[in-house]
Structure formats: C-alpha cells, structure tokens
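Enquirer: Fold the stuff below for me.
(one chain, ligands or ions: 1)
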Amino acid sequence: MTKKLYENNSLLKSCQAVVTACTEKDGKYLVELDQTVFFPEGGGQLSDRGTLGGVKVEHVSEKDGHIYHECIAPLEVGAQVEAVLDWGVRLDRMQQHHGEHILAYCFWKLFEANNVGFHMHEDSVFIDLDKDLTEEELLQAEHMANEIIWDNSPVTVEYLDSTEAVKLKDKMRKFNEKLTGILRIVSVENADICTCCGTHPPFTGMVGSVKIVRREKHKGGCRVEFLCGKRALLDADMKNSTLLQVAQGLSTKPELVPEYLAKQKADLLSQIDDLKAKLLAVSEKEFVSACAEAPATAAGVKLLAFPMEGCDAKDIKAFLPKAAALENTISILVAVAPQRISYAVVLGTATEGDCRAIIKKVNEVYGGRGGGKSDCAQGGSDYCADWKEKLAAVTEQILKE
Ligand SMILES: [Zn+2]
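Expert: Numbers count the residues shown, from 1 in each chain. Predicted structure coming up:
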C-alpha cells in the first residue's frame with residue numbers, strides 16, 4: 001500500500017521513494033511506489049504530473065488501493081527514485097479545487113443553492129447549482145468567497161469515523177449519509193466543512209482569488225464557470241489586452257467602449273432604415289413598370305415575377321396589398337438579403353388560380369419551405385447566388401403550363 005504523503009502535507013513538492021512495481025500497459029509504464037507526493041485524480045480534482053527519477057509522469061490514478069504513476073519509460077523495481085511534482089500544475093489544481101469549496105459554500109450559505117456537479121478541465125472549471133441564481137446573486141457569492149480567501153483562514157484536515165462525522169451534519173455543506181468508516185473532513189475556519197479526498201492549501205489565501213466568468217441555465221438550475229488564482233489573473237490579462245486593443249482601434253477610452261459601440265450600432269441602424277426607405281421607393285416604381293410588362297399564362301392570367309434585391313420578408317409584407325390589388329394577375333415576389341431569400345405568391349383581384357400550387361414550385365426551385373392559402377402563400381430558403389436564374393426558371397415553367 002502506497003503511503004499518501006499528499007494527504008497530510010499538500011505543500012510537499014518531492015520525496016524519495018522505492019519502486020515497488022512496474023507494469024507495461026499500452027506503451028506506458030504503470031509504476032507503484034512505497035510512498036508518493038503525487039495526487040491521483042479524484043473528488044473532481046485532476047491528477048498531478050511530474051517526474052520519477054527524471055522519467056516523465058503523465059498521469060496518476062488510483063484503483064483498488066493501488067496508486068499508478070503512468071510513466072513514459074520503465075523503472076526498475078527496488079530502485080530508489082526522487083518523485084518530483086510539477087508544482088505549477090499542482091498549485092493550479094489546488095487553487096481551482098479549493099476555490100470551488102469556498103465558492104460552493106458561499107452559494108449554499110447565502111442562497112441555499114447546492115453544488116450538484118463540479119467539473120474541472122485543463123482549461124475550464126464549473127459548478128452546477130440546483131438553483132438558478134441571478135447575476136447579482138453570483139456577484140454577491142463571488143465577493144464573499146474572495147473575502148474568505150483574503151482572510152487567509154486556516155484550512156484543516158481531520159479524520160473522523162462516520163458516527164462522529166454525522167454530528168457535524170448541520171454545519172456541513174453536504175453530507176452523504178451512506179458513507180461509513182473513516183471520513184476525511186476538510187474545514188475552512190468559520191466557513192466551509194465537507195468530506196473530500198483532494199489536496200487543499202493550508203490557508204485560504206493560497207487560492208489567490210476567485211472570479212466567475214460565465215453563467216448559463218442548466219437543468220432547472222444554473223452552471224457557473226469560474227477561475228481561481230493564476231488562471232483568473234491570466235484571463236484578466238487577456239481580456240484587458242483585448243479591451244485596450246478594441247479601445248485603441250475605436251480611438252476611445254476602454255471604459256467608454258460599450259457606450260461608443262451602442263451609439264455606432266444606433267447610427268448604423270438609422271442609416272440602414274434610410275437606405276431601406278429609398279430602396280423601397282425605387283422598388284415601388286419598378287413594381288409599376290414590371291406590372292405593365294408582365295407576360296400572360298396560357299389561361300390569360302398575367303404573371304408578375306418581381307425581384308426585390310436588398311429586401312427581406314418584412315419588405316415583402318409591404319408589397320402584399322399592392323400585389324393583391326392587381327387585376328387578373330398572379331405575383332411572385334422574391335426578396336433577397338445576404339443570408340436569406342424570402343418569397344410570396346399573391347393572387348390579384350378577379351384572378352383565377354391557386355397560390356399553394358405555385359409556391360410548391362417555388363419551394364422546389366429554391367430548395368425552401370413555405371405554404372399558405374389559395375390567395376396568398378409565403379416561404380423562404382437559404383441564400384443562393386443564382387436566385388435570379390431560379391426566379392426566371394420557375395416563371396417560365398408556369399407560363400408553359
Ligand atoms: Zn476538496
């Protein structure tokens with residue numbers, strides 16, 4: 001049985017150890033030691049990395065009481081080696097893991113929101129809560145968590161039998177009644193108490209800071225992504241640098257970027273509205289001349305195919321009454337925006353025909369969807385560069401019938 005030195009001293013960065021077993025598996029070597037500083041993954045915390053006698057350890061796992069150090073080369077059984085942690089990796093894991101303890105405590109203490117899932121990845125860490133908290137509530141919890149970190153409160157580990165541990169139940173964030181035997185209890189002075197097998201810093205200050213970066217709804221509650229310690233600093237560096245570049249590009253101050261962009265957006269929308277109004281005025285003139293030139297079907301009904309470039313479904317709506325007022329005319333209106341094609345088929349006054357049959361043909365040609373009533377049908381499709389040719393093709397098809 002390997003002695004787990006990390007359980008009682010999470011700051012131990014190396015130790016001397018004797019190799020007790022070495023088994024080859026899938027091109028890697030699973031090495032066991034008499035004692036180790038390497039934490040195997042567990043309790044939501046990722047595995048340590050480092051070296052054994054200078055040989056790289058890529059991953060560590062625990063199974064049936066054995067701790068396996070996954071090495072890239074074999075080690076001789078009986079050899080004495082120095083086990084050295086990649087301390088940067090361990091510190092990062094410990095900051096995220098213990099930050100999660102503190103943040104989850106604050107959610108529970110402030111809002112009775114329970115942590116029902118903790119996920120730590122190489123590049124993201126998040127908690128699933130069984131309550132959907134607001135942005136303001138999350139900020140409140142984040143502030144409380146940082147206060148606990150800055151208090152630099154002692155973090156202690158003690159081992160209690162489950163019959164003793166159950167007495168602490170009311171003070172604990174969560175207690176699993178099914179656990180029996182000796183339990184490992186991790187406590188932050190005057191704050192969080194819970195059972196955990198992971199590594200924790202001796203004082204909360206080592207977590208550095210905690211910053212919530214994203215929130216989304218998740219299974220009736222919410223998923224909260226956060227960063228602790230160095231990760232939070234690197235993220236702030238990246239975002240600050242991005243913001244400075246954006247501000248420089250816009251020739252404004254960083255704090256004025258949102259206001260600047262809102263104004264730019266409003267100006268652009270207003271310009272688009274003006275352009276649209278002009279475009280529709282031109283379209284109306286073209287509509288009148290297109291009506292006059294519309295060819296007739298074999299049944300003697302005029303067929304008006306009217307393209308509306310730069311327009312959308314809303315603009316088509318404005319033309320529906322005009323098309324409906326045309327005598328003995330069926331109109332096919334096609335509006336073309338950069339990413340979308342919208343169309344309508346309209347039966348004019350005193351006109352024989354069925355718009356549903358015609359829109360079926362239009363759907364086929366454009367690969368789109370749409371339908372409606374016998375006097376008016378509407379639909380749309382994805383944008384296609386040959387939309388004009390397609391309109392000509394469907395018109396010709398109808399005229400030939
Ligand atoms: Zn823990």
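Enquirer: Need phi/psi at the closest residue to the ion within the stretch 51-200 of the chain.
Expert: Residue of the stretch 51-200 of the chain nearest the ion, by CB to the ion: C196 (3.2 Å). (Each C-beta comes from the backbone N, C-alpha and C, glycine too.) With angles defined as degrees, to the nearest 10, C196 sits at phi -160, psi 150.
Enquirer: what about it, how many neighbours?
Expert: By other CB atoms under 10 Å, the residues close to C196 number 20.
Enquirer: Kindly report the same for T349.
Expert: Counted with other CB under 10 Å, the neighbours of T349 add up to 11.
Enquirer: three-state assignment of A299?
Expert: coil (DSSP: H, G, I helix; E, B strand; the rest coil).
Enquirer: Surely it touches T351?
Expert: No. Counting by CB atoms under 8 Å, A299 stays clear of T351, with 10.1 Å between them.
Enquirer: Show me which of those two is the more surrounded one.
Expert: T351 (18 against 9).
Enquirer: Tell me who's in contact with that one.
Expert: Going by CB atoms under 8 Å, 6 or more residues apart in numbering, T351 touches 301, 326-330.
Enquirer: cool, D128 as well?
Expert: Each residue near D128 by CB under 8 Å, 6+ apart is listed here: 115-119, 218-219, 221-224.
Enquirer: near the ion, from these?
Expert: Counting by CB under 5 Å from the ion, nothing from these sits close to the ion.
Enquirer: tally of neighbours for D161?
Expert: D161, neighbours per other CB under 10 Å, totals 11.
Enquirer: Could you pull up the residues touching the residue lying closest to it once chain neighbours are set aside?
Expert: Closest residue to D161 apart from its sequence neighbours, by CB to CB, 6 or more residues apart in numbering: I182 at 5.9 Å. Contacts of I182 were listed using CB under 8 Å, 6+ apart, and they are 159-162.
Enquirer: Quick check on these: which are buried?
Expert: If you count burial by 16 or more other CB atoms under 10 Å, the buried members of those come out as S162.
Enquirer: Which ones among the contacts of I182 map onto helices?
Expert: In helices, defined here by DSSP state H, the members of the contacts of I182 are S162.
Enquirer: And K178, what's its pLDDT?
Expert: Here the pLDDT value assigned to K178 is 87.
Enquirer: how far is the host helix or strand of Q271 from where the chain is centred?
Expert: Counting by DSSP states H and E, the element that carries Q271 is helix 257-293. Centroid separation for helix 257-293 versus its chain: 35 Å, with CA atoms, centre = their mean, to the nearest Å.
Enquirer: With stretch 27-34 instead?
Expert: With CA atoms, centre = their mean, you get 37 Å for stretch 27-34.
Enquirer: Double-check that T351 belongs to a strand.
Expert: No. Applying three-state DSSP, one finds T351 to be coil, outside a strand.
Enquirer: how close does it sit to the ion?
Expert: Distance from T351 to the ion, counting by CB to the ion, to the nearest Å: 76 Å.
Enquirer: How much space separates that residue from A290?
Expert: Note on T351: its distance to A290, by CB to CB, to the nearest Å, is 16 Å.
Enquirer: Same question for Q339.
Expert: With distances taken as CB to CB, Q339 is found 25 Å from A290.
Enquirer: got it, and K28?
Expert: With distances taken as CB to CB, K28 is found 73 Å from A290.
Enquirer: do S374 as well
Expert: In terms of CB to CB, S374 sits 23 Å off from A290.
Enquirer: Check R356 too.
Expert: 23 Å.
Enquirer: How is this protein divided into domains?
Expert: Here the domain parsing of the chain from automatic domain parsing is 3-85, 91-235, 292-400.
Enquirer: ranges for the helices of the stretch 101-250 of the chain?
Expert: Secondary structure of the stretch 101-250 of the chain, counting by DSSP state H, counting those that start in this stretch: helices at 135-150, 162-165, 229-250.
Enquirer: circling back to that earlier point, if you count surrounding residues, which of S374 and A290 has more?
Expert: A290 (15 against 11).
Enquirer: which ones are touching that one?
Expert: A290 is in contact with 304-306, counting by CB under 8 Å, 6+ apart.
Enquirer: and with 7 Å instead?
Expert: 304, 306 (CB atoms under 7 Å, 6 or more residues apart in numbering).
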